[in-house]
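Asks: sequence and predicted structure, then a few things I'm wondering about:
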Amino acid sequence: MTDLVVEAHGLRKTFRDGARKVVAVDGLDLSVERGGVHGFLGPNGSGKTTTIRMLLGLSKPDRGEISVLGAQLPGALDAVSPRVGAVVESPRFSPDLTGRRNLQLLAGLAGLPAARADAALERVALADRGKDRFGGYSLGMRQRLGVAAGLLKEPELLVLDEPTNGLDPAGILDMRELIRGLGESGITVLLSSHILAEVQQVCSAVSIIGDGRLLAGGKVDDLLGEGVVRTRIAVADQDRAATLLTEGGYQVTRDDGALLVEGHEHPEEIVRLLALQELYATDVRAVRPTLETFFLALTGHRPEPGDDPDADEAAERLGSGAR
Amino acid sequence: MIRLVGTELTRYRVRRATGLVVLLAVLAAAAIAALTAWESRPLTRTEIATAQVKASQDSDRTDIQADLDKCLKDPVKYLGPGATEQQCRDALVPAAQSYLPREPLDLRGTLRGNGIGVALLVAALLIIGASAFAGGDHASGSITNQVLFAPGRARLWSAKAIAVGAWSALVAAVTLGGFWLTLYLVAADRDVPHGSAIVDDICWHVVRGVLFCAGAGIGAYALTMLFRHAFATLGLLFAYSVGGEVVLALAQSDKVARWTLGNNVFGWLETRLQYVGSRRCEIDECPGAAHLGHLDAGIYLLVLLTVSCLASVLVFRRRDL
């Protein structure tokens, strides 16, 4: 029997937007197993943050059941809250206080000893900057302080909502390593992110939602294993090559100056077929399914530039086709 | 709970806006105390001599002499039933007293004047500070973070309210206490009346002022937690206080005057409020003036505070963050 730290069934949440009723989450089912990093993906407006807020007791579902760490919410929120850490959207701290003092005040709210602040700072590699004012922190340090706040309770479940927003490449790398390390230390991390490449690199399992519903969920390897490997061929005369391969029984699509042929069992045959017609491939490689292609196939939505400026910027910095 | 209140008190205390409010409150109280003391400073010999000369000169004016002659001829006809010749002289012969450039320090008069002004000013600043505190928590999203650490919302709301109330009371006690202590010492130094009766009135006024400021802070906090915007709170308070006066003016009824915010605030802060409409009267100054006691005014203000707090905490408990 699997040990689920988060289990939600039939979650529904609606909002009023003037006279209009907006369904943010519509019958969502979600399961997160204990341990590791679980990615929570979905296009902009798919209901990720609304779901996270309901899981944390910040908002109440109209319908459905939520169980976190084995306890039903919102009834058992007081009992569950000390075991759950979270960073929802951008971390908010007092700019006039030091990082350490900010954490100490948060610890005070939860009735935790102030010494926890130092341990949390240590864990996010901010121990030597704890005495500096939060207002003087870089964006990366602010995000790390947010994670430190989430760690104050020494939680079993840590919920991170877009923790790499606005970070530079070095910051993203640091954050990724931090999240990976947390996942390996036994904490279950629920990571909501737009940056699919990032999720693929740190998550062992994902849940993908769209229009407020669960579209797919499970181990990343299992999900991607369902995808098809394709052969990418760069050739000068793409039109002739495409016709030739289609006549030869291959399924061909075009992709950014190259051809994509379904399957990668015998690439040498494709190369030979083309070469016989004096079409010489300049590049041949296997294209394995990524979380992004899987995500796109499911949602039919590529996160468009402008959907989320922070995510756009981060994806651009990653430069790895995160979008 | 004590720890939670302590944390909220620290959060409130360390805000820049809170520091600014305290600074302004202290400066305002000190400035008004200094102004009150300065404007009632002892007269110099030159000023007294000048007043005597002016009085003497005016006594010789023909129009005044004519009036005096007229009065002395028939005091009853001039001043009314029972009037005497001496009363004619008292009323019409210019006295040096009338030409003095200022009055001596009058603690009882200050209780109705600048004393009320200081209490209102400090309360207004504390309203701004409390609104900025709660509004800032909502505007920055910090309230979400706080609820994640203290999920009991009614408890969190109460801890914040206690912190705001305690801080407001402390600031009010320091500023109002400092203001009156300064004036008391000045009065003692100048040997103007400062006996136990007036000291009792001042002490009770300070107690009521401190309670008023604490209530004002808590009320502003509660309204801002309800509306989530400091400006909404300040706008509502402005509209309510000005609206009350407008309704009073339109209704032209003294019954309405009993229920205006302004009269009830003065009813609470003043030693004994008599009013006609929105006009405050000296004792026995206005015929037919109504009296608004501390108990009645206090209940009125307490009901407003309680309604605000209940609405605020109930909405905060149920609201999606």
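Replies: Done, it's in.

Asks: nearest residue to A:Leu245 other than its sequence neighbours?
Replies: Among residues not flanking A:Leu245 along the chain, A:Val252 sits closest, at 4.9 Å (CB to CB, 6 or more residues apart in numbering or on different chains). The C-beta positions use only the backbone N, C-alpha and C, and glycine is treated the same way.

Asks: correct me, but the one you found touches A:Asp239?
Replies: No: under the criterion of CB atoms under 8 Å, A:Val252 makes no contact with A:Asp239, lying 10.9 Å away.

Asks: what is the burial count for residue 16?
Replies: In the absence of a named chain, chain A is used. Applying other CB atoms under 10 Å in any protein chain shown, we find 8 residues neighbouring A:Arg16.

Asks: the chain in question should be chain B.
Replies: 12.

Asks: can you tell me how far it is from A:Asp96?
Replies: Using CB to CB, to the nearest Å, B:Arg16 is found at 6 Å from A:Asp96.

Asks: C-alpha coordinates for stretch A:184-196, PDB please?
Replies: Taking C-alpha atoms only, stretch A:184-196 is exported to PDB below (Å, rounded to 0.1, in the frame of the first residue of the first chain):
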ATOM      1  CA  GLU A 184      16.700  13.200  -1.000                       C
ATOM      2  CA  SER A 185      16.700  14.100   2.700                       C
ATOM      3  CA  GLY A 186      13.300  12.500   3.200                       C
ATOM      4  CA  ILE A 187      11.100  15.600   2.900                       C
ATOM      5  CA  THR A 188       8.300  15.300   0.400                       C
ATOM      6  CA  VAL A 189       8.500  18.300  -1.900                       C
ATOM      7  CA  LEU A 190       5.500  19.300  -3.900                       C
ATOM      8  CA  LEU A 191       7.000  21.600  -6.600                       C
ATOM      9  CA  SER A 192       4.700  23.700  -8.700                       C
ATOM     10  CA  SER A 193       6.500  25.100 -11.700                       C
ATOM     11  CA  HIS A 194       6.100  26.300 -15.300                       C
ATOM     12  CA  ILE A 195       9.600  25.400 -16.200                       C
ATOM     13  CA  LEU A 196       9.300  21.900 -17.500                       C
END
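
Asks: tell me the helices in the stretch 151-300 of chain B, going along the chain?
Replies: Counting by DSSP state H, counting those that start in this stretch, one finds helices in the stretch 151-300 of chain B at the ranges B:153-190, B:196-227, B:230-251, B:254-257, B:261-269, B:294-318.

Asks: with chain A instead?
Replies: Per DSSP state H, chain A carries helices over the ranges A:48-55, A:77-80, A:99-109, A:116-123, A:139-151, A:169-184, A:196-202, A:220-225, A:238-247, A:267-276, A:291-299, A:309-318.

Asks: the stretch 1-150 of chain B now?
Replies: Using DSSP H, counting those that start in this stretch, the helices found in the stretch 1-150 of chain B span residues B:2-13, B:16-39, B:45-59, B:62-73, B:75-79, B:85-92, B:107-112, B:114-140, B:142-149.

Asks: nearest to A:Ala281, out of these?
Replies: Closest approach to A:Ala281 among the helices of the stretch 1-150 of chain B (CB to CB): helix B:142-149, 54.7 Å.

Asks: relative orientation of that closest one and helix B:2-13 in degrees?
Replies: Relative orientation of helix B:142-149 versus helix B:2-13 (axes from the mean of the first three to the mean of the last three CA atoms, to 10 degrees): 160 degrees.

Asks: how about JSON lines for the helices of chain A, with mean pLDDT added?
Replies: JSON lines is the format used below for the helices of chain A (pLDDT from 0 to 100):
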{"stretch": "helix A:48-55", "mean pLDDT": "90"}
{"stretch": "helix A:77-80", "mean pLDDT": "87"}
{"stretch": "helix A:99-109", "mean pLDDT": "90"}
{"stretch": "helix A:116-123", "mean pLDDT": "89"}
{"stretch": "helix A:139-151", "mean pLDDT": "87"}
{"stretch": "helix A:169-184", "mean pLDDT": "85"}
{"stretch": "helix A:196-202", "mean pLDDT": "80"}
{"stretch": "helix A:220-225", "mean pLDDT": "76"}
{"stretch": "helix A:238-247", "mean pLDDT": "88"}
{"stretch": "helix A:267-276", "mean pLDDT": "86"}
{"stretch": "helix A:291-299", "mean pLDDT": "76"}
{"stretch": "helix A:309-318", "mean pLDDT": "41"}
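
Asks: how does the chain divide up, domain by domain?
Replies: Here I'm looking at chain A. Domain assignment for chain A by automatic domain parsing gives A:4-225, A:230-287.

Asks: chain B, not that one
Replies: Taken from automatic domain parsing, chain B resolves into B:2-41+B:105-318, B:45-99.

Asks: tell me how many other residues crowd the residue of the stretch 201-321 of chain B found nearest chain A.
Replies: For the stretch 201-321 of chain B and chain A, the shortest gap (CB to the nearest CB) falls at B:Asp320, measuring 3.4 Å. By other CB under 10 Å, 11 other residues sit near B:Asp320.

Asks: dihedrals phi and psi, the residue nearest to it when sequence neighbours are not counted?
Replies: Ranked by CB to CB, 6+ apart and with sequence neighbours excluded, the top spatial neighbour of B:Asp320 is A:Ser59, at 3.4 Å. Backbone torsions for A:Ser59, taken as degrees, to the nearest 10, come to phi -140, psi 160.

Asks: list the contacts for A:Ser59?
Replies: A:Ser59 makes contact with A:Lys13, A:Thr50, A:Arg53, B:Asp320, B:Leu321, according to CB atoms under 8 Å, 6 or more residues apart in numbering or on different chains.

Asks: residues in a beta bridge with the first one, which ones?
Replies: Right, A:Lys13. A:Val25 (DSSP bridges).

Asks: how about it, what does it touch?
Replies: Counting by CB under 8 Å, 6+ apart, A:Lys13 touches A:Val23, A:Ala24, A:Val25, A:Gly47, A:Thr50, A:Thr51, A:Met54, A:Ser59, A:Pro61, A:Asp62, A:Gly212.

Asks: dump the helices of chain A to JSON lines, plus mean neighbour count.
Replies: As requested, these are exported to JSON lines (neighbours: other CB atoms under 10 Å in any protein chain shown):
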{"stretch": "helix A:48-55", "mean neighbour count": "24"}
{"stretch": "helix A:77-80", "mean neighbour count": "18"}
{"stretch": "helix A:99-109", "mean neighbour count": "24"}
{"stretch": "helix A:116-123", "mean neighbour count": "20"}
{"stretch": "helix A:139-151", "mean neighbour count": "24"}
{"stretch": "helix A:169-184", "mean neighbour count": "18"}
{"stretch": "helix A:196-202", "mean neighbour count": "23"}
{"stretch": "helix A:220-225", "mean neighbour count": "14"}
{"stretch": "helix A:238-247", "mean neighbour count": "16"}
{"stretch": "helix A:267-276", "mean neighbour count": "14"}
{"stretch": "helix A:291-299", "mean neighbour count": "19"}
{"stretch": "helix A:309-318", "mean neighbour count": "18"}
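
Asks: among those, which comes closest to B:Leu111?
Replies: Of all the helices of chain A, helix A:99-109 sits nearest to B:Leu111, with 41.1 Å by CB to CB.

Asks: next, count neighbours for the closest residue to B:Leu236 other than its chain neighbours.
Replies: The shortest distance from B:Leu236 to any non-neighbouring residue, by CB to CB, 6+ apart, is to B:Leu223 (6.3 Å). Residues near B:Leu223, counting by other CB under 10 Å, number 24.

Asks: which residues touch B:Leu223?
Replies: The contact partners of B:Leu223, taken as CB under 8 Å, 6+ apart, are B:Ser131, B:Ala232, B:Thr233, B:Leu236, B:Leu237, B:Ser308, B:Ser312.

Asks: if you set the cut-off to 7 Å instead, what comes out?
Replies: Neighbouring residues of B:Leu223 by CB atoms under 7 Å, 6 or more residues apart in numbering or on different chains: B:Thr233, B:Leu236, B:Ser308, B:Ser312.
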